[in-house]
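> No letters, just coordinates:
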């Protein structure tokens, strides 16, 4: 089990790396409105380093970092109650990142109001999420997890008739699994 100083060092190192990679991604993608493969490559390199550290984290490590509700959802594959999440009706401009490891997951331009009771997105940042078959609760669904830390985000639903998305997908994400970073004036001027 980690002592407090070890936890601070790990948190600080991951926060620094994630902050740097997030800023590269924000500067190159949000401001231009386009995805920049170079910034993605740098971010992917840092994610690979971080993922190796994440894989070594125990449940005790995660409990020290996350709130009890975040731990229940992100590590225990739980679901927050419908219409209770902070980001369900939220419409700010910026980036939604993993609440566990700060990896950028969704750009606000892909968020929409599906009326399902959870934040809905029609696409993720390339390489940011993994998809897994989830046969729990007597049904077959596609679970989405953070590619860096394997934190449970929610599920993807296909073929619901969302005409504005070519993939016709709805990423139904728990608010507690994500956090929002607003697009700042500073990043707009970069």
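Looks like it came in fine. All figures in this text were calculated on a predicted structure; none of them were measured in a lab.

> Reduced to three states, what does residue 143 come out as?
strand (DSSP: H, G, I helix; E, B strand; the rest coil).

> Test my guess that it contacts residue 152.
Yes - using Cβ atoms under 8 Å, residue 143 makes contact with residue 152 at a distance of 6.7 Å. Using the backbone N, CA and C atoms, a C-beta is placed for each residue, glycine as well.

> so what sits against both of the two?
Contact criterion Cβ atoms under 8 Å, 6 or more residues apart in numbering; residues shared by residue 143 and residue 152: residue 77.

> More neighbours: these two, which one.
residue 152 (23 against 18; other Cβ atoms under 10 Å).

> And the residue lying closest to the more buried one once chain neighbours are set aside, how far from residue 175?
In this structure, residue 152 finds its nearest non-sequential neighbour in residue 77, 4.4 Å apart by Cβ to Cβ, 6 or more residues apart in numbering. Distance, residue 77 to residue 175, using Cβ to Cβ, to the nearest Å: 16 Å.

> Which of the two has more residues huddled nearby?
A side-by-side neighbour count of residue 77 and residue 175, using other Cβ under 10 Å, places residue 175 first with 21 against 15.

> Make sure the more buried one is actually in contact with residue 119.
Yes - contact status for residue 175 versus residue 119: in contact at 5.8 Å, counting by Cβ under 8 Å.

> what's the pLDDT at the nearest residue to residue 101 once chain neighbours are set aside?
Leaving aside its chain neighbours, residue 101 sits nearest to residue 149 (4.1 Å; criterion: Cβ to Cβ, 6+ apart). Here, the pLDDT recorded for residue 149 equals 95.

> likewise the one 3 residues further on?
Reading off the confidence values, residue 152 has pLDDT 98.

> For the protein, just list every one of the strands.
Read by DSSP state E, the chain holds these strands, from start to end of the chain: 94-98, 104-107, 111-112, 120-121, 129-134, 141-146, 152-158, 169-173, 178-182.

> Which of those strands sits closest to residue 67?
Residue 67 lies closest, by Cβ to Cβ, to one member of the strands of the chain: strand 178-182, at 11.5 Å.
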